[in-house]
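In: Following is a predicted model, sequence given first.
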Amino acid sequence: MDSSLHGAAARTGDHPVVEAGARLGYVASGVLHLILGWIAIGLAWGTSSGSADQTGALEQLSSSPLGSVLLWVVVAGFALLALWQVAEAVTAGETKETVKSAGKGVGYLVLTGVAARIATRTGGGGSENRTDSLTASVMQHPLGQVAVAAVGAGIIGIGVYHVVKGWSRKFLEDLREQPPRAVVVAGRVGYVAKGAALGVVGALFVFAAVTNDPEEAGGLDAALRSLLELPAGTVLLTAVGAGIAAYGLYSFGRARYARV
């Protein structure tokens, strides 16, 4: 890698503004997951009709007092966290760490864009409709079903990784010191719940590929709603929603203890 690029990335990642912004990004993630967990629990008990995904959570945030201001704070936090992750990807010494940081950077950039669209009222269409449309477009091509199934398998893999990371407390490696027990418990519960939700999302993509029905594919909202169709679905969705909220609480702790 070009030494000048590596040096520039290192200076960017170590800049006080970027480091503070990365911590702000974790706070923004915490707010997002708390709202998302609340929506999921509301769906379980029939008290909410909002979209149980990142877009729905951000839209609910925008409708709160000072919602516009809070949204722009979220935009700034996610943007700076994405920048820090990209800098980490450039300076990482191992390919695995480079790919992981780059993937997170892309994810936070997407969230930055979604939050900015909602803040400027330029977002349109539900996320589930966009997922169905994209899946249908992919399935029209040769090997499209295989590609959709591969995406689903990849999401399931990410979900399993989250579950293992939470159960084994591997997430503590992301922190610079041992946090309070409450943060550790929230992290374990949160990672496991988030992993379970991602596993359902991936399963929906695989099922859509097997049945050649793009409408079976869906994002987080569809995955959480599908839990209601299972025995004891209300209890399951309540537990997952509480777990997602726990991940939000862990994110607040991560903002304090993260290695940045």
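Out: Structure's in. What do you need? Because the structure is predicted, anything quoted here is derived from the model rather than measured. Numbering: from 1, shown residues only.

In: mind listing what Val99 touches?
Out: Contacts of Val99 were listed using C-beta atoms under 8 Å, 6 or more residues apart in numbering, and they are Ala89. (Glycine included, C-beta is placed from N, CA and C.)

In: That one sits in which helix or strand?
Out: Using DSSP states H and E, Val99 sits in helix 95-119.

In: model confidence over that helix, on average?
Out: Averaged over helix 95-119, pLDDT sits at 92.

In: for stretch 212-224, same thing?
Out: Per-residue pLDDT over stretch 212-224 has a mean of 87.

In: What is the distance between the helix holding Val99 and the centre of its chain?
Out: Helix 95-119 sits 9 Å away from the centroid of its parent chain (C-alpha atoms, centre = their mean, to the nearest Å).

In: Buried residues in that helix, which are they?
Out: Buried residues in helix 95-119, counted by 16 or more other C-beta atoms under 10 Å: 98, 100-102, 104-105, 108-109, 111-112, 114-116, 118-119.

In: Output stretch 219-235 in CSV with nothing but the alpha carbons.
Out: Only the C-alpha atoms of stretch 219-235 are listed here, as CSV (Å, rounded to 0.1, in the frame of the first residue of the first chain):
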residue,chain,number,x,y,z
GLY,A,219,-35.4,-6.7,5.4
LEU,A,220,-35.5,-6.4,9.2
ASP,A,221,-39.1,-5.3,9.4
ALA,A,222,-40.3,-8.4,7.5
ALA,A,223,-38.0,-10.6,9.6
LEU,A,224,-39.4,-9.3,12.9
ARG,A,225,-43.0,-9.5,11.7
SER,A,226,-42.4,-13.1,10.6
LEU,A,227,-41.7,-14.0,14.2
LEU,A,228,-45.3,-13.2,15.1
GLU,A,229,-46.4,-16.2,12.9
LEU,A,230,-44.4,-18.6,15.1
PRO,A,231,-45.8,-20.3,18.2
ALA,A,232,-45.4,-17.9,21.1
GLY,A,233,-44.6,-15.2,18.5
THR,A,234,-45.5,-12.3,20.8
VAL,A,235,-43.1,-13.5,23.4
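
In: so where's the stretch 51-200 of the chain shaky on pLDDT?
Out: Regions of the stretch 51-200 of the chain meeting the criterion pLDDT under 70 cover residues 122-133.

In: let's go with 90 and repeat that
Out: By pLDDT under 90, the low-scoring segments of the stretch 51-200 of the chain are 51, 64-68, 90-97, 121-144, 176-178.

In: That one: helices as residue ranges?
Out: 54-62, 67-91, 95-119, 127-139, 144-167, 181-211 (DSSP state H, counting those that start in this stretch).

In: Distance to Pro16 added to those, as JSON lines?
Out: Output for those, formatted as JSON lines (distance: least, C-beta to C-beta, whole Å):
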{"stretch": "helix 54-62", "distance to Pro16": "27"}
{"stretch": "helix 67-91", "distance to Pro16": "11"}
{"stretch": "helix 95-119", "distance to Pro16": "19"}
{"stretch": "helix 127-139", "distance to Pro16": "35"}
{"stretch": "helix 144-167", "distance to Pro16": "29"}
{"stretch": "helix 181-211", "distance to Pro16": "24"}
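
In: Out of the ones you listed, flag the one nearest Leu36.
Out: Smallest distance to Leu36 across the helices of the stretch 51-200 of the chain (C-beta to C-beta): 4.4 Å, for helix 54-62.

In: which stretch among the helices of the stretch 51-200 of the chain comes nearest Thr12?
Out: That would be helix 67-91 among the helices of the stretch 51-200 of the chain, by C-beta to C-beta, at 4.6 Å.

In: Which positions in the closest one come out as buried?
Out: 67, 70-71, 73-91.

In: now the nearest residue to Ser68 once chain neighbours are set aside: how far from Arg23?
Out: Leaving aside its sequence neighbours, Ser68 sits nearest to Ala119 (C-beta to C-beta, 6 or more residues apart in numbering; 6.3 Å). Ala119 sits 21 Å away from Arg23, going by C-beta to C-beta, to the nearest Å.
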